[in-house]
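Engineer: task: produce atomic coordinates for the following.
(chains A and B)
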Amino acid sequence: MSDISEESVRHLAGLARIALTDAEVTALTAELSQIVDVVAQVTSAVDADTPATSHPIPLSNVYREDVVTDDVLTPEQALASAPEHDGSRFKVSAILGEEQ
Amino acid sequence: MSKAKLMDYDKALELFEPVLGFEVHVELSTETKMFSSAPNNFGAEPNTNVTPVCLGLPGSLPVVNEQAVRYSISLGLALDCDIAPSSSFARKNYFYPDLAKNYQISQFDEPIAINGNVEVELPNGRIFQIDIERAHMEEDAGKLTHVGGSTGRIQGAEYSLVDYNRAGVPLVEIVTRMIEGAEHDAPELAKAYVATIRDIVLALGISDAKMERGNLRCDANVSLRPRGSDKLGTRTETKNVNSLRSVERAVRYEIQRQAQILADGGTIIQETRHWHEDTGATSAGRPKSDADDYRYFPEPDLLPVVPSSELIAELKAALPEKPVERRRRLKAEWGFTDLEFQDIDNSGLLTEVAATVAAGASPQAARKWWTGEVARLANAADVDANTLVTPEQVAELAVLIEEGILTDRLARQVLESVIAGEGSPREVVEKQGLAVVSDDGALIEAIDKALSAQPDVLEKIREGKVQAAGAVIGAVMQGMQGKADAARVRELILERATAQ
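Structural biologist: Okay, here's the model as predicted:
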């Protein structure tokens, strides 16, 4: 069994800025535990000699040349799907807490 | 914000040993961003340097900029780091609109460079080894402008405006190990360390390294250990330190502030603090707590970076000389005394002076202008000297003096106009008609006019009272608004006296 507790679900919800009811916390605790248990099965297929990997495809050094391409958007395009903007910048509601 | 009580610096050092640590962010001067082909340039109109990747639009995928990887490896090598045979990117998750994706692509457990060290020489000649824990690649965040509220800062803002031009600009973050033993020199060491990193990235040609533009940013960790104790104190992390002057001042301030709190029986809170250039103080920011739970995980959209040994050898072979070696070489080449060189060191302007010499000024002139008039003006404006003028401009000024086109006094006037943005020194000289009058005819005319007002001067000179010429020289200089070469005027007056 995984160690997903109600407390860790509440903590994650806080980090993800999601408001949860007590019922949702209970339900999600059970669901997340199951998911983690399923994923954890992978560890049983791995022995100590298996190197850690961050990607399923054995490729590396996939690079782009350092040149500007025509993907660059105009400000109008960039702002097209913004809920709010001032004509050149995205407008977001006041942010509580400190800068990162 | 109430002003914190500060302990006298010497007293603080008697009671406590300062322990330091630095995180320096270097923006790389690539043509494009770290993971997208958007232009990487400063000062563009808002949201004109963005692609779908910079905005985290659905379906967009990051691709690594090869040049940024080469620059990062070069920097790692210059810091004497081991380059990781394989390094990978990770997502650092946080909710803040300076990045549109809700995560920053960074490196976590597999940084590109680890275990380095850098030699830093203090103005007093002390050489200090600073161990580098790691240098990793990541992307910069966008710029927020807080609107409403009284201070323009975040508290009390009604809304914020976001410009994503800077989002995705390649960064290398250099993290030191804990630095002990700096003792009294801790503030100077902080400044010298950041200046050394700046010199390294400028010599490598991988960053514009302009602190006032945020190309180079320093977070300074400071804690105090009571004398006789081996227990580390709680540290604070001061952010927003955007000039070499501020790095030194912020570290000194934190030492004095923390010492006072501890001496009063208080405790230091582990938190980020913000440096305020205007008040010369730090204020409390966000406490280190849940907000640091970034839930890093490997970036699934990017593949590992596995630099070949050939690439590493190639970049290693191209490394510039180390800062400490460079300083010794320049000091010898320029023939400076310890005192003269210290002058430059204290100002943190070695790179500027070297660039000024390379642009055609004599070493003495380059030193004199940077540590003299430019530094004075910078001090008065409370900015770093290198934000006011470029080495090329200072060199041009020095050459104009050498050519006899400007006197020192006129040059100072030209310098102020250059700083005010009126053009290059030559342009200013032309526009304002400031060049020294070297036409003897015009000088003689002015001398005659001055002599007619003081007819007894020539007689006095002939009687051997050469200093009497001073009054005429003064009158000529005044008549020509200082645009005469005083030495030449003196010669002409003496010629006149002996000719008659």
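Engineer: got the residues of the stretch 201-350 of chain B near chain A?
Structural biologist: By C-beta under 8 Å from any C-beta of the partner chain, the part of the stretch 201-350 of chain B that sits against chain A consists of B:272, B:285-286, B:290-291, B:293, B:295, B:298-300, B:302-307. For the C-beta atoms, the positions are set from N, CA and C on the backbone; glycine is no exception.
Engineer: what's the ChimeraX line that selects buried ones from the residues you listed?
Structural biologist: To isolate the buried subset of those in ChimeraX, counting by 16 or more other C-beta atoms under 10 Å in any protein chain shown, use the following:
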select /B:272,285,286,291,298,299,302,303,304,305,307
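Engineer: taking the residues of the stretch 201-350 of chain B next to chain A, tell me the two that lie furthest apart.
Structural biologist: Using C-beta to C-beta, the two most remote members of those are B:G285 and B:V306, lying 38.2 Å apart.
Engineer: low-scoring stretches of chain A, by residue?
Structural biologist: Applying pLDDT under 70 to chain A flags residues A:1-2, A:95-100.
Engineer: how much space between the residue positioned nearest the centre of it and A:D22?
Structural biologist: Nearest to the geometric centre of chain A sits A:A16, at 8.9 Å (C-alpha atoms, centre = their mean). Distance, A:A16 to A:D22, by C-beta to C-beta, to the nearest Å: 17 Å.
Engineer: over to B:L434?
Structural biologist: 79 Å.
Engineer: higher neighbour count, those two?
Structural biologist: Set B:L434 next to A:D22 and count neighbours by other C-beta atoms under 10 Å in any protein chain shown: B:L434 wins out with 21 against 9.
Engineer: give the contact list for that one.
Structural biologist: B:L406, B:L410, B:Q413, B:V414, B:V428, B:K483 (C-beta atoms under 8 Å, 6 or more residues apart in numbering or on different chains).
Engineer: just the helices in chain A please.
Structural biologist: For chain A, applying DSSP state H gives helices covering A:6-15, A:22-40, A:75-79.
Engineer: among those, which is nearest A:N61?
Structural biologist: Between A:N61 and those, the shortest separation by C-beta to C-beta is 28.5 Å, and it involves helix A:22-40.
Engineer: buried sites along that closest one?
Structural biologist: A:L28, A:T29, A:L32, A:S33.
Engineer: thinking again about what came up before, among the contacts of B:L434, which two are most distant?
Structural biologist: Within the contacts of B:L434, two members stand farthest from each other by C-beta to C-beta: B:V428 and B:K483, at 13.4 Å.
Engineer: comparing those two, which residue is more hemmed in?
Structural biologist: A side-by-side neighbour count of B:V428 and B:K483, using other C-beta under 10 Å, places B:V428 first with 23 against 18.
Engineer: return the residues in contact with that one.
Structural biologist: Shown in contact with B:V428 (C-beta under 8 Å, 6+ apart): B:V414, B:S417, B:V418, B:E422, B:L434.
Engineer: where in the stretch 201-350 of chain B is pLDDT low?
Structural biologist: Along the stretch 201-350 of chain B, the model assigns pLDDT under 70 to residues B:286-292.
Engineer: which residues of it fall in strands?
Structural biologist: Applying DSSP state E, counting those that start in this stretch to the stretch 201-350 of chain B gives strands spanning B:216-226, B:236-241, B:271-276, B:281-287, B:297-298.
Engineer: which one of those strands lies closest to B:L350?
Structural biologist: Each of the strands of the stretch 201-350 of chain B was scored for nearness to B:L350 using C-beta to C-beta, and the closest is strand B:216-226 (15.3 Å).
Engineer: list the buried ones in that closest one?
Structural biologist: So, applying 16+ other C-beta under 10 Å, buried residues of strand B:216-226: B:L216, B:R217, B:C218, B:D219, B:A220, B:N221, B:V222, B:S223, B:L224.
Engineer: go on, stretch A:63-73?
Structural biologist: By 16+ other C-beta under 10 Å, the buried positions in stretch A:63-73 come out as A:R64, A:D66, A:V68, A:V72, A:L73.
Engineer: isn't the last one up against B:V50?
Structural biologist: Okay, so that is A:L73. Yes. Contact status for A:L73 versus B:V50: in contact at 5.5 Å, counting by C-beta atoms under 8 Å.
Engineer: the residue nearest to B:R252 when sequence neighbours are not counted: how many residues sit nearby?
Structural biologist: Spatial nearest neighbour of B:R252, excluding adjacent residues (C-beta to C-beta, 6 or more residues apart in numbering or on different chains): B:P187 at 4.1 Å. For B:P187, the count of nearby residues is 23 (other C-beta under 10 Å).
Engineer: same check on A:P51?
Structural biologist: 6.
Engineer: likewise B:A499?
Structural biologist: For B:A499, the number of neighbouring residues by other C-beta under 10 Å comes to 7.
Engineer: same deal with B:P455?
Structural biologist: B:P455 has 8 neighbouring residues, counting by other C-beta under 10 Å.
Engineer: quick one: residues contacting residue 71.
Structural biologist: No chain was given, so I picked chain A. Residues near A:D71 by C-beta under 8 Å, 6+ apart: B:S36, B:S37, B:A38, B:T51, B:P52, B:V53.
Engineer: not what I meant, chain B
Structural biologist: B:Y71 neighbours (C-beta under 8 Å, 6+ apart): B:L28, B:T30, B:P170, B:V172, B:L204, B:I206.
Engineer: SS state for it?
Structural biologist: helix (DSSP: H, G, I helix; E, B strand; the rest coil).
Engineer: can you give me phi and psi for the residue in the stretch 301-450 of chain B that chain A sits nearest to?
Structural biologist: Of all residues in the stretch 301-450 of chain B, the one sitting closest to chain A is B:V306 (4.1 Å; C-beta to the nearest C-beta). Taking degrees, to the nearest 10, you get phi -120, psi 90 for the backbone angles of B:V306.
Engineer: you'd agree it is up against A:L59?
Structural biologist: No. B:V306 is not in contact with A:L59 according to C-beta under 8 Å; the separation is 9.7 Å.
Engineer: what residues are up against B:R257?
Structural biologist: Applying C-beta under 8 Å, 6+ apart to B:R257 gives the contacts B:A4, B:K5, B:L6, B:T282.
Engineer: so what are the domain limits for chain B?
Structural biologist: Taking automatic domain parsing as the reference, chain B has its domains at B:9-313, B:321-432, B:440-499.
Engineer: for those domains, which has the smallest mean pLDDT value?
Structural biologist: Ranked by mean pLDDT, the domains of chain B bottom out at domain B:440-499, with a mean of 80.
Engineer: endpoint to endpoint, it covers what distance?
Structural biologist: 16 Å (C-alpha to C-alpha, to the nearest Å).
Engineer: still on that earlier bit, with adjacent residues omitted, what lies nearest to the residue nearest to the centre of chain A?
Structural biologist: Nearest to A:A16 is B:F95, by C-beta to C-beta, 6+ apart, at 7.5 Å.
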